[in-house]
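**Student:** Make a model of this:
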Amino acid sequence: MNKLTVFIVLFTAMAILIGCKVTPIKHNETINELTIINLTRSALEEVKLRVPKTKSLVSCNVILPRAECSLGFGELENERNPATLSWIQKGQLYQRDIVTQIPDDLDKSKPAKVIITIEDNGKMSSRLGQE
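**Tutor:** Numbering: from 1, shown residues only. Below you'll find the model as predicted:
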């Protein structure tokens, strides 16, 4: 092989390598538990979490005052699908979109749990937490 051929082969290989861009695979955090906490002084009834995209439904018949309903499950990637939570409190129906806060310092090497808190007057919040 002459020097010109070697140069052309090396130049072509470098151009191909420079043109290729490695795109990192982005992985969301994983979750393995859902906890709904009733911070009010009255019972929550017919508590239902719905994820329309996956047709998932999780429900708790009653969550007593200052108590919680928890569900553990196998670790899965958080797909961040839109979800809603509904419940009845003192005869009034509430329904809220779930917007889960994800801490910047969340350790993605460990599973997290979704923690939803319900307060008086239909106030609800959701966050990811780890122990």
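**Student:** how close does Gln95 sit to Glu45?
**Tutor:** Distance of Gln95 to Glu45, computed by CB to CB, to the nearest Å: 14 Å. (Each C-beta comes from the backbone N, C-alpha and C, glycine too.)
**Student:** which of those two has more neighbours?
**Tutor:** Between Gln95 and Glu45, counted using other CB atoms under 10 Å, Glu45 has the larger neighbour count: 15 against 12.
**Student:** is the closest residue to the more buried one other than its chain neighbours in a bridge, and if so with what?
**Tutor:** Leaving aside its chain neighbours, Glu45 sits nearest to Ile88 (4.5 Å; criterion: CB to CB, 6 or more residues apart in numbering). Counting by DSSP bridges, Ile88 forms beta bridges with Glu45, Leu93.
**Student:** Could you check the pLDDT of Ile88?
**Tutor:** The model reports Ile88 with a pLDDT of 97.
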